[in-house]
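Trainee: sharing a model prediction with you, sequence too.
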Amino acid sequence: MATISFDLELLTELTETSGVPGYEDRVRDLVIREFEDTVDRVRTDAMGNVVGTIEGESDYSIAVAAHMDEIGFMVRHVTGRNKDEDGFGFLELEALGGWDARVLKAQRVTIHAEDGDLPGVIGSPPPHTLDDEDRTKTPEVEDVFVDVGLPYEELADRVSVGDPVTMDQTTELVGETVTGKALDDRVCLFAMLEAARRIEDPAATIHFCATVQEEVGLRGARALGVDVDPDLAIALDVTVANDVPGFDAGEHVTKLGEGAAIKLKDGSVITNPKVHRRLAAVAEEHEIDHQHEILPAGGTDTAGFQFSGGAKPVGAISIPTRYLHTVTETAHVDDVAATIELLQAFLETEDGTHEYTL
């Protein structure tokens, strides 16, 4: 059994709570609750971002960002069997974020209707009823339908176009790892909340930013880059860990169990070299396990702050995670702990005297 050095109950609550882009309300409530006893002030904005601020001894300010949203869906159509409005009803979906439709078949989902949540299943025809063309066809999200087990008229009365839909999955310990849905990015949101809980009397003012709509274009972070206007921004997100059979060593990106990942680049940003070198120096000084990350594709809130905040230094810490954008995302408990420790140590030693201008 893995040794857990952090609040697994809170991590589980965060990952199992639903919140697709633009509808992060339930997660936002949890963040505000956790900030109440750990920061000096909390505010929200018109997009739904949450900022918890710990006042420092100087005017120098740091923004730390982790996003609240998870990939999910929105109901785009309520239909009947064979497109007729008789018998049982079904739902067609619009993707919110990047999905590989191959992982969706035979999964359970939750429809978040106005009068309450409804369970549903994504239909999957028995394989022995498929012809050769169907067997080899690459599925698309548009081909997916949700079976809610209700007659069409009742379903159409209870579910509306635009209602959010999320995957249904529990969070579990599996050996030395934790697995479940929405570790992207709730495990990093958790790390940020844990660091905020542990930090006392920092030299710099720290804005802990729980952002919205990252999965559809870094939209929350871009707005906060203007509103918060920090001197330095550090983003937290998961990253690819392809350290599994079928991938060569050069394709792993990161490996589970080797520590927090210090980002050098992803598809949206090249981090400031002085920032990522200092992150590494802090990790070495405090004997925190760490590795470097070069992610060939994909974007993070790191770029959101850089795009909107002008010429600001940015850096990022990532948690290596297998099986991203599925309901079985998997991270090593030691990497989660290392990320919390590195973030805390970095923020406690950041006093505005480090020069990040290139």
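Mentor: Cool, the structure landed.
Trainee: look at the closest residue to Thr179 other than its chain neighbours and give its secondary structure.
Mentor: Once flanking residues are discounted, Thr179 sits nearest to Thr330: 4.3 Å by Cβ to Cβ, 6 or more residues apart in numbering. Heads up, the C-betas are built off the backbone N, CA and C, glycines and all. When classified by DSSP: H, G, I helix; E, B strand; the rest coil, Thr330 comes out as strand.
Trainee: check contacts around Thr330.
Mentor: 174, 177-179, 183, 256, 321-323 (Cβ atoms under 8 Å, 6 or more residues apart in numbering).
Trainee: rerun at 10 Å
Mentor: Going by Cβ atoms under 10 Å, 6 or more residues apart in numbering, Thr330 touches 172, 174-175, 177-180, 183, 241, 244, 256, 320-324.
Trainee: now the element after the lowest-mean-pLDDT helix or strand in the chain, going C-ward?
Mentor: Within the chain, confidence by mean pLDDT, DSSP states H and E is lowest for helix 132-136 among all helices and strands, at a mean of 65. Sequence order places strand 145-151 as the next helix or strand after helix 132-136, per DSSP states H and E.
Trainee: neighbouring strands for that following strand, and are they parallel or not?
Mentor: Using DSSP bridges, the strands paired with strand 145-151 are strand 88-96 (antiparallel), strand 116-122 (antiparallel).
Trainee: returning to what we had before: please name the bridge partners of the residue nearest to Thr179.
Mentor: Taking DSSP bridges as the rule, Thr330 bridges to Thr179, Arg322.
Trainee: and Val244, how far from Tyr323?
Mentor: In this view, Val244 and Tyr323 are 8 Å apart by Cβ to Cβ, to the nearest Å.
Trainee: more crowded one of these two?
Mentor: Tyr323 (16 against 12; other Cβ atoms under 10 Å).
Trainee: now do the contacts for the more buried one.
Mentor: Listed by Cβ under 10 Å, 6+ apart, the contact set of Tyr323 reads 103, 179, 183, 240-242, 244, 329-330.
Trainee: hang on, the earlier thing: confidence score at the residue nearest to Thr179?
Mentor: pLDDT, Thr330: 98.
Trainee: show me where the stretch 51-200 of the chain has its strands.
Mentor: Listed in chain order, the strands of the stretch 51-200 of the chain (DSSP state E, counting those that start in this stretch) span 61-67, 72-80, 88-96, 108-113, 116-122, 145-151, 164-167, 172-174, 177-180.
Trainee: deepest-packed of these, please.
Mentor: Highest mean neighbour count of the strands of the stretch 51-200 of the chain: strand 61-67, a mean of 27 (counted as mean count of other Cβ atoms under 10 Å).
Trainee: what's the average pLDDT for that one?
Mentor: What strand 61-67 shows for mean pLDDT is 96.
Trainee: only C-alpha atoms, please: export that strand in CSV.
Mentor: C-alpha atoms of strand 61-67 as CSV (Å, rounded to 0.1, in the frame of the first residue of the first chain):
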residue,chain,number,x,y,z
SER,A,61,3.2,39.4,-6.9
ILE,A,62,3.0,35.8,-8.2
ALA,A,63,0.1,34.1,-9.9
VAL,A,64,-0.2,30.4,-9.5
ALA,A,65,-2.9,28.8,-11.8
ALA,A,66,-4.6,25.5,-12.0
HIS,A,67,-7.8,25.0,-14.0
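Trainee: tell me, domain by domain, which residues of this structure belong where.
Mentor: For the chain, automatic domain parsing gives the domain ranges 8-70+181-348, 72-167.
Trainee: contacting residues around Asp185?
Mentor: 14, 65-70, 191-192, 210-211, 214-215, 235-238, 300-301, 318-319, 321.
Trainee: for it, which non-adjacent residue is closest in space?
Mentor: Among residues not flanking Asp185 along the chain, His67 sits closest, at 4.7 Å (Cβ to Cβ, 6+ apart).
Trainee: I'd like the strands of the stretch 51-200 of the chain as CSV, with distance to Arg33 appended.
Mentor: Shown next, in CSV, are the strands of the stretch 51-200 of the chain (distance: least, Cβ to Cβ, whole Å):
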stretch, distance to Arg33
strand 61-67, 16
strand 72-80, 22
strand 88-96, 25
strand 108-113, 20
strand 116-122, 20
strand 145-151, 31
strand 164-167, 20
strand 172-174, 24
strand 177-180, 20
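Trainee: of all those strands, which lies closest to Pro296?
Mentor: strand 61-67 (20.5 Å; Cβ to Cβ).
Trainee: the closest one pairs with which strands?
Mentor: Pairing partners of strand 61-67, with direction, according to DSSP bridges: strand 205-211 (parallel), strand 232-240 (parallel).
Trainee: just how off-centre is it within its chain?
Mentor: Mean-position distance between strand 61-67 and its chain equals 14 Å (Cα atoms, centre = their mean, to the nearest Å).
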